[in-house]
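*Asks:* Sequence and predicted model, in that order:
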Amino acid sequence: MRLISKLSLTASALALLPTALLTADDVRPATVGFETDDHQVQVLVDGERVASYVFADDRIPRPYFAHVRGRGGMQLTRNHPPIAGQDRTDHDTMHPGIWLAFGDLDGEDFWRNKAHVVHHRFISEPAGSGGSGGFVEEKHYRRNDGTIVCRERFRWEFRIRPSGYLMMWDSTFSSDREFYFGDQEEMGLGIRVTTPISEIEGGRISDAKGRTGAKAVWGNAADWCDYSGILDGVHLGIAIFCHPDNFRPSWMHARDYGFVAANAFGRKAMRKGDVSKVVVKPGETIRLRYGLLLHNSKVDDPVDISAAHADYVQLANDLSESLD
């Protein structure tokens with residue numbers, strides 16, 4: 001493997017972290033690095049893996065993040081593959097950790113792995129500069145006959161914030177042919193949390209509107225949705241942040257076994273109106289932006305998810321302006 005880049009967390013940001021999470025190693029700035037081979041990018045903090053971005057896999061024909069961890073190496077996504085006796089083993093190839101997929105994209109099913117999302121190239125290879133790091137990737141959504149439905153330009157940023165590790169997701173879709181996003185539950189940005197914090201194991205799903213529990217959250221739109229719980233005396237979880245400039249709000253497809261997806265397409269499937277068909281014509285694009293906060297904190301001092309969402313939106317807007 002070859003080391004691609006490093007970035008740092010400032011001492012001022014460290015000063016804002018919950019005291020119980022600071023160790024002797026935290027007196028110096030944390031460093032983030034990337035290691036890339038022919039099928040994945042490893043995201044490292046101080047040399048320890050915090051996530052794997054797998055862009056080529058013989059079993060799962062679409063890119064995904066697996067083995068996602070928070071500060072201190074605490075696991076936040078389900079084991080991949082799931083471990084019998086420790087995890088529920090359902091949807092083992094559909095729920096690898098964190099992923100973006102669509103059950104109906106121009107009639108093709110990329111969610112259930114019946115068509116292929118192909119890593120075409122890194123437009124910008126994994127690299128860091130100052131307080132941020134990431135990559136830009138081109139992906140092709142291919143039918144089984146090899147023809148391309150559409151292309152995705154995927155910009156991914158990783159930042160260490162006072163509230164935790166922040167993944168910033170920015171995907172733009174286009175094609176020289178007309179294509180459409182259909183109407184299903186299984187559409188959008190999904191996460192599968194570590195088994196011990198799933199709702200059926202005592203974890204908690206909540207959203208920006210104050211709803212709690214999978215049944216209350218399911219089918220409703222919100223600025224954010226957090227899936228968290230207590231493990232080994234620490235409050236930890238993953239929050240999905242929706243960007244306010246997405247073409248429409250995202251409805252949350254939440255389940256008590258550890259899954260939630262932000263779905264901007266399944267209007268009828270999520271019981272919010274007529275069948276949705278989002279058509280993208282040649283020369284047009286559709287853009288989706290989300291954040292994912294990987295957080296862990298003291299049980300009696302949980303992260304302020306609303307404040308962290310506002311921080312994400314400001315960072316995402318600043319990044320867009322700097323790239324324009």
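*Replies:* Nice, thanks for sending it over.

*Asks:* make it CA atoms for all contacts and neighbour counts henceforth
*Replies:* Fine.

*Asks:* who touches E108 in this structure?
*Replies:* K114, A115, R143 (CA atoms under 8 Å, 6 or more residues apart in numbering).

*Asks:* List phi and psi for it.
*Replies:* Main-chain dihedrals, E108, degrees, to the nearest 10: phi -100, psi 150.

*Asks:* Quick check: it vs V118, distance?
*Replies:* 14 Å (CA to CA, to the nearest Å).

*Asks:* One more: E48?
*Replies:* 28 Å.

*Asks:* More neighbours: which of the two?
*Replies:* V118 (20 against 15; other CA atoms under 10 Å).

*Asks:* Am I right that the more buried one sits in a strand?
*Replies:* Yes - assignment of V118 by DSSP: H, G, I helix; E, B strand; the rest coil places it within a strand.

*Asks:* Where does pLDDT dip in the chain?
*Replies:* Scanning the chain with the threshold set as pLDDT under 70 gives 1-29, 128-132, 324.

*Asks:* what's the longest helix in it?
*Replies:* Looking across the chain with DSSP state H, the single longest helix is helix 305-323.

*Asks:* Can you lay out the contacts of E108 as TSV showing secondary structure and neighbour count?
*Replies:* Formatted as TSV, the contacts of E108 follow (DSSP: H, G, I helix; E, B strand; the rest coil; neighbours: other CA atoms under 10 Å):
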residue	secondary structure	neighbour count
K114	coil	13
A115	coil	20
R143	coil	19
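
*Asks:* Columns distance to R211 on top of these, output as a markdown table?
*Replies:* Below are those laid out as a markdown table (distance: CA to CA, whole Å):
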| residue | distance to R211 |
| --- | --- |
| K114 | 34 |
| A115 | 35 |
| R143 | 39 |
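
*Asks:* Nearest to E186 among the residues you listed?
*Replies:* For these, the residue nearest E186 by CA to CA is K114; the value is 13.2 Å.

*Asks:* mind listing what the closest one touches?
*Replies:* Counting by CA under 8 Å, 6+ apart, K114 has contacts E108.

*Asks:* The helix or strand harbouring G229 to helix 305-323, inter-axis angle?
*Replies:* Per DSSP states H and E: G229 is located in strand 224-231. Here the directions of strand 224-231 and helix 305-323 differ by 130 degrees (axes from the mean of the first three to the mean of the last three CA atoms, to 10 degrees).
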